[in-house]
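Enquirer: Quick one: sequence and predicted model below, then my questions.
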Amino acid sequence: MNTKDFDPKKFLANHIQTIKPSGIRRFFDLAYQMNNVISLGVGEPDYVTPLNFREASILSLEKGYTAYSPNAGLIQLRKEISDYLYNKFNAKYSIENEILVTVGSSEALDIAIRTIVNPGDEIIVIEPSYVSYAPIIELAGGKVVTIQALANFDFKLQPEQLEKVITDKTKGIIICSPNNPTGTVLNRRDLEKIAEVIVKNNLLVLSDEIYSEITYDESFTSMVSIPGMQERTILMNGFSKGFAMTGWRLGFACGPSEIIQGMLKVHQYSIMCAPTMSQFAAIEALKNGQEQVRKMVQSYNDRRHYIVNEFNEMGLSCHLPGGAFYVFPDISSTGLSSEEFAEKLLIDEQVAVVPGSVFGKGDEGYIRCSYVTRFELLQEAMQRIKRFIDNIYTTEKK
């Protein structure tokens, strides 16, 4: 059999060939191949999943709960999610048809987009944005419409910006608060102004609230707590960030029953169900996890102030994030592009950061740094970055 003429690339769909790999993962993979690297790249809490969460999962295994769960998730977990959202935001969701347990909040976003988007539908994305948003929309046949959030507004979406990009093809908008990569938090007043535009134009909101447990200066406000918005919002959340459960791959989506049941169809055929043992850990997290979460957030808060002060003292303007665990300093004064800066920093000083350009076309000149590495390593990383900056300025003067 002659296989010389066989080219596997010819069998790839056009949209797969044009989608770029994740810029975040590229720098993570580069760092993994090097020695003595301090990674400020991937958003991974440095805490081990709390013991009682792990013990709940182990106990479920010992009791033999190793089979598939219901497609929508364990009824006990859906009940805990329902109680959690009611206690936090006074939002009531039916455990029968308005809550879906997913494989991380990433799956929730993916199947939400696949459920609502027809070819040519427009979904608005606010940049800088998480790297998955645009590709997921494009893979579903939708059109990405971007809005550039501006540093002089603390990277907050302005209602007039939203008004300008809405067309008769606009179906919805993705809102991420607290934001990845900027850490910006939209407060109640911010959300109310945006909600007015959304209601006026009859749009759907996909509210990515994966960092909702991690806010510092004011309590988190969910879009679903704004009057009139619960019925037009798909709330997406999970356990990875706030509960230090990244590897457990567990999230959830809540929304109008018609949309959640549509998402359930996609979930049934592509995933079947989320991992059963992870769901038992999540039940314990929601029941008895708030004290551990509070301690983790306090630790992140200390690191937040430290890293922001360090960057500003270096002359790299850095706004104080209100949530999540990222900073987004402006490195344009160095004369390097964000990708050049990240690559040179990794090679010269073995510190991994993510170039701002991967989060949007308008975010050149920034880098994203995660500050959930151990404090001693964070201090060492900042010393290395300072040395790197000093060397750049010294070279420029010669």
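Expert: In hand now; what should we look at?

Enquirer: Could you list the domains of this protein?
Expert: 8-48+291-397, 51-288 (automatic domain parsing).

Enquirer: deepest of the ones you listed, which one?
Expert: Scoring the domains of the chain by mean neighbour count under mean count of other C-beta atoms under 10 Å gives domain 51-288 as the most buried, with a mean of 19. For every residue, glycine as well, the C-beta is placed using N, CA and C.

Enquirer: And residue 206, which helix or strand is it part of?
Expert: Following DSSP states H and E, one finds residue 206 within strand 204-208.

Enquirer: Measure how far that strand is from the centre of its chain, please.
Expert: Averaging C-alpha positions (C-alpha atoms, centre = their mean, to the nearest Å) puts strand 204-208 13 Å from its chain's average.

Enquirer: rounded to a whole number, what's the mean pLDDT of that strand?
Expert: For strand 204-208, mean pLDDT is 98.

Enquirer: ok, which stretches of the stretch 1-150 of the chain are helices?
Expert: Along the stretch 1-150 of the chain, the segments classed as helices by DSSP state H, counting those that start in this stretch run 14-18, 23-32, 51-62, 75-89, 104-116, 133-139.

Enquirer: Surely residue 146 is in contact with residue 125?
Expert: Yes: if you go by C-beta atoms under 8 Å, residue 146 and residue 125 touch, sitting 5.3 Å apart.

Enquirer: what residues do the two have in common as contacts?
Expert: residue 134 (C-beta atoms under 8 Å, 6 or more residues apart in numbering).

Enquirer: For the strand or helix carrying residue 299, which outside residues touch it?
Expert: Take DSSP H and E as the rule and residue 299 turns out to sit in helix 290-314. By C-beta under 8 Å, 6+ apart, the surrounding residues in contact with helix 290-314 are 45, 47, 50, 183, 213-216, 242-244, 317-321, 325, 327, 329, 369, 371-372, 375, 378-379, 382, 385-386, 389.

Enquirer: before we move on, the earlier item: downstream of the strand holding residue 206, the next helix or strand is which one?
Expert: Next along the chain after strand 204-208, taking DSSP H and E as the criterion, comes strand 233-238.

Enquirer: and that following strand with helix 75-89, angle?
Expert: When axes from the mean of the first three to the mean of the last three C-alpha atoms, to 10 degrees is applied, the directions of strand 233-238 and helix 75-89 differ by 110 degrees.

Enquirer: returning to that earlier point: among the contacts of helix 290-314, which ones are in strands?
Expert: 327, 369 (DSSP state E).

Enquirer: so what's the nearest residue to residue 332 once chain neighbours are set aside up against?
Expert: Excluding the flanking residues, the one nearest residue 332 by C-beta to C-beta, 6 or more residues apart in numbering is residue 365, at 3.6 Å. Neighbouring residues of residue 365 by C-beta under 8 Å, 6+ apart: 330, 331, 332, 337, 338, 356.
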